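Trainee: My questions are about this predicted structure, shown below with the sequence.
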Amino acid sequence: MEQQQKQQIGVVTFFSSQHAMSAEEALKAKGYQVSLMPGPKDISPNCGVALQFEPEKKAEVETILKEADVLFEAVHLYTPVQEKSLLKRLLGK
Amino acid sequence: MRDDVIYFDNGATSWPKPPEMGEAMMHFLTEVGASPGRSGHTLAVEAGHIVYSCRENLCKLFNLKHPQQIAFTKNITEALNIVFFTILEKGDHVITTSMEHNSVMRPLRYLESQGVIELTVVQANPEGVCAVEDFAAAVKPNTRMVVVNHSSNVTGTLQDIQAISKACKAKKEDVLFVVDTAQSAGAYPLDAEKMGIDILCFTGHKSLLGPTGTGGVYLTPAVTPRPFMHGGSGSKSDMEVHPLFMPDVWEAGTINIVGLAGLNAGLEYLLKTGVANIRAHEIAVTQRFIDGIKDHPMVKVYGPLDANQKTPVTSINIEGIVCSTVGTELNDACGIMVRTGLHCAPGAHRTIGTFPVGSVRFSFGGYTTPEEVDVGIKAIRALADYAAEQKEA
């Protein structure tokens, strides 16, 4: 069960949250499922806001962002160390 | 007001604000509206009174004598930059600390890289405290400024600015003592005269309880200011030369009057409530928080463990869980808003040993309740217990 919860995700990291917002708009306009998330500090010390995307779409995401002239730091495939919604489970919510 | 969040990010900006603050801004927008210092009509004069009242209330709060020596800026970063870029000259030596925010370090490092200034950085201890004698030891014949962050935005650690100022000026009388009060103004009693502050930079939207877009600087009359922006000032309009007297020299163009109407209301609330009372409350909730988590073997609390030695800003880490994950979990499970990472203060994180991993920062305010703190404690302990189990496994 725990293994299933720790899935690899796609994460774009940025230098600025405004760039993250531009990226979100650019990708949503093309119909991609993306969402803003706190930047994982274990992959980048930079901006507090990152963009999560479906990991199998990595190449396309990179292309779209470059075409849209959105400045980003890097595109990662990231496996969170802890399960999703860990604290909710711990607090019995 | 929304009740689905617990706001522990007052170090970024204070929230909520006293209702009077928003009401004052609305009053300005609907009943006053004018720009002061330009036209001489009724509404302009009324607007002018609001802005002047704001200067006067800052003087009351900080024990300053000359309201006209305060220039308003859009934030404290701008105020600090104006001070550094208009006052410092080639060959000047500046002393600062390893606990500074980037609003001080970035401009000073830039001036150093351009060969304009020599820079000495006094190293704080792992709790963030600087030794007074280190400042005096660093003073040289060409020392122009000593710049100190009164309270760290990472650990809340307070520096003894009165002692630092005294020690530096004993060695060189005309040193300019510049204080970054971003985390302390409104949260800790500031007496500029007693503390020997020559240049006091402040932000309006943290513990002064005003809106974002407000801040400013008090400049000692001993310094002749130079403009950083040249433009309309509503004064000496016959001249095409920017005036050199305060505050006009540093207030070119229309200032954020609606914002200052809000800041003025925030200041009046502070003066009415008393900074000492707010401080007592903030010490109590901060101590409750620290005491509720410090004994857990997986939790590290940075900075002083005595809330009397700091403002209500506390950084922690849970061993085995990256700070950004702690922040996300607190947000998603409990609606707790904190800031994780490096907090625009890499030097401070280097000082306390959290570079480059960062920390989870909890910054309480006058509206933080003990009940909210307890939710935070419970959540942190739950994550820390989990981290302990994972470590043993």
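Mentor: Here it is on my side, so go on. Because the structure is a prediction, the values reported are computed rather than measured.

Trainee: Contact distance from chain A - what residues of the stretch 201-350 of chain B qualify?
Mentor: B:321-325, B:327-334, B:339-342 (CB under 8 Å from any CB of the partner chain). All C-beta spots, glycine's among them, are computed from the backbone N, C-alpha and C.

Trainee: Can you flag the buried ones in the residues you listed?
Mentor: Buried members of these, scored by 16 or more other CB atoms under 10 Å in any protein chain shown, are B:321-325, B:327-334, B:339-342.

Trainee: before we move on, the earlier item: please narrow the residues of the stretch 201-350 of chain B next to chain A to those residing in helices.
Mentor: B:Cys323, B:Ser324, B:Thr325, B:Gly327, B:Thr328, B:Glu329, B:Leu330, B:Asn331, B:Asp332, B:Ala333, B:Cys334 (DSSP state H).

Trainee: can you pull out the strands in chain A?
Mentor: A:9-13, A:34-38, A:49-53, A:74-78 (DSSP state E).

Trainee: helices or strands up against the third one?
Mentor: Spelled out, that is strand A:49-53. Identification of packing neighbours for strand A:49-53 by 3 or more CB pairs under 8 Å, 6 or more residues apart in numbering or on different chains; DSSP states H and E yields strand A:9-13, helix A:17-29, strand A:34-38.

Trainee: Contacts for that strand, please.
Mentor: Strand A:49-53 has contacts (CB atoms under 8 Å, 6 or more residues apart in numbering or on different chains) with A:9-14, A:17, A:20-21, A:23-24, A:27, A:32-40, A:44, A:61.

Trainee: could you redo the last one with a cut-off of 7 Å?
Mentor: Residues outside strand A:49-53 that contact it (CB atoms under 7 Å, 6 or more residues apart in numbering or on different chains) are A:9-14, A:17, A:20, A:23-24, A:27, A:32, A:34-40, A:61.

Trainee: Which of these are buried? Put it as a PyMOL command.
Mentor: Typed into PyMOL, the line below selects the buried ones among the contacts of strand A:49-53, using 16+ other CB under 10 Å:
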select buried, chain A and resi 9+10+11+12+13+14+20+23+24+27+32+34+37+38+39+40+61
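
Trainee: just the contacts of strand A:49-53 that are near chain B?
Mentor: Applying CB under 7 Å from any CB of the partner chain, the subset of the contacts of strand A:49-53 adjacent to chain B comprises A:Pro38, A:Gly39, A:Pro40.

Trainee: Could you report the separation of the second one from B:Gly358?
Mentor: When distances are taken as CB to CB, to the nearest Å, A:Gly39 and B:Gly358 turn out to be 10 Å apart.

Trainee: Work out for me the element the closest residue to B:Leu200 other than its chain neighbours sits within.
Mentor: Leaving aside its sequence neighbours, B:Leu200 sits nearest to B:Tyr218 (CB to CB, 6 or more residues apart in numbering or on different chains; 4.3 Å). Taking DSSP states H and E as the definition, B:Tyr218 sits inside strand B:215-219.

Trainee: list the contacts for the residue in the stretch 151-300 of chain B that chain A sits nearest to?
Mentor: Closest contact between the stretch 151-300 of chain B and chain A, by CB to the nearest CB, is at B:Met298 (13.3 Å). Listed by CB under 7 Å, 6+ apart, the contact partners of B:Met298 are B:Ile318, B:Glu319, B:Gly320, B:Ala384, B:Ala387, B:Ala388.

Trainee: Is chain A within reach of whichever helix or strand the last one is part of?
Mentor: In the assignment (DSSP H and E), B:Ala388 maps to helix B:370-392. Yes - in this structure, helix B:370-392 sits against chain A according to CB under 7 Å from any CB; the contacting residues are B:Ala379, B:Ala382, B:Leu383, B:Tyr386.

Trainee: Just the pLDDT for the residue of the stretch 51-200 of chain B found nearest chain A.
Mentor: Using CB to the nearest CB, the closest approach of the stretch 51-200 of chain B to chain A is made by B:Asn102 at 13.2 Å. B:Asn102 carries a pLDDT value of 97.

Trainee: next one: A:Gln4
Mentor: In this prediction A:Gln4 is given a pLDDT of 47.

Trainee: Equivalent analysis for A:Lys88, please.
Mentor: 96.

Trainee: Can you get me a residue count around it?
Mentor: 13 (other CB atoms under 10 Å in any protein chain shown).

Trainee: That one against B:Gly335, yeah?
Mentor: No - taking contacts as CB atoms under 7 Å, A:Lys88 lies outside contact range of B:Gly335: 11.5 Å.

Trainee: What's the separation between whichever residue of chain A sits closest to chain B and B:Thr340?
Mentor: Residue of chain A nearest chain B, by CB to the nearest CB: A:Leu87 (3.7 Å). Look at A:Leu87 and B:Thr340: by CB to CB, they are 14 Å apart.

Trainee: and if you look at A:Val70?
Mentor: 24 Å.

Trainee: returning to what we had before: got the contact list for the residue nearest to B:Leu200?
Mentor: B:Phe62, B:Leu64, B:Gln69, B:Ile70, B:Ala192, B:Ile199, B:Leu200.

Trainee: Equivalent analysis for B:Glu46, please.
Mentor: B:Val32.

Trainee: if I look at the residue of the stretch 151-300 of chain B closest to chain A, how far off is B:Glu118?
Mentor: 43 Å.

Trainee: ditto for B:His150
Mentor: 24 Å.

Trainee: On the pLDDT front, check B:Ile70 for me.
Mentor: 98.

Trainee: same thing with A:Val81?
Mentor: At A:Val81, the pLDDT recorded in the model is 87.

Trainee: go on, B:Gly37?
Mentor: Predicted confidence (pLDDT) for B:Gly37: 76.

Trainee: From chain A, how far off is it?
Mentor: Distance of B:Gly37 to chain A, given as CB to the nearest CB, to the nearest Å: 33 Å.

Trainee: quick one: that residue and B:Gly234 touch, right?
Mentor: Yes - taking contacts as CB under 7 Å, B:Gly37 lies within contact range of B:Gly234: 3.5 Å.

Trainee: more neighbours, those two?
Mentor: B:Gly37 (22 against 17).

Trainee: got a list of what the more buried one touches?
Mentor: Neighbour list for B:Gly37: B:Gly48, B:Gly234 [criterion: CB under 7 Å, 6+ apart].

Trainee: one more time with 10 Å, if that's ok
Mentor: Residues in contact with B:Gly37 (CB atoms under 10 Å, 6 or more residues apart in numbering or on different chains) are B:44-45, B:47-48, B:51-52, B:232-235, B:247-248, B:251, B:254-255, B:257.

Trainee: quick revisit: export the strands of chain A to JSON lines and tack on mean pLDDT and distance to B:Tyr188?
Mentor: JSON lines is the format used below for the strands of chain A (pLDDT from 0 to 100; distance: least, CB to CB, whole Å):
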{"stretch": "strand A:9-13", "mean pLDDT": "96", "distance to B:Tyr188": "36"}
{"stretch": "strand A:34-38", "mean pLDDT": "92", "distance to B:Tyr188": "30"}
{"stretch": "strand A:49-53", "mean pLDDT": "95", "distance to B:Tyr188": "31"}
{"stretch": "strand A:74-78", "mean pLDDT": "95", "distance to B:Tyr188": "41"}
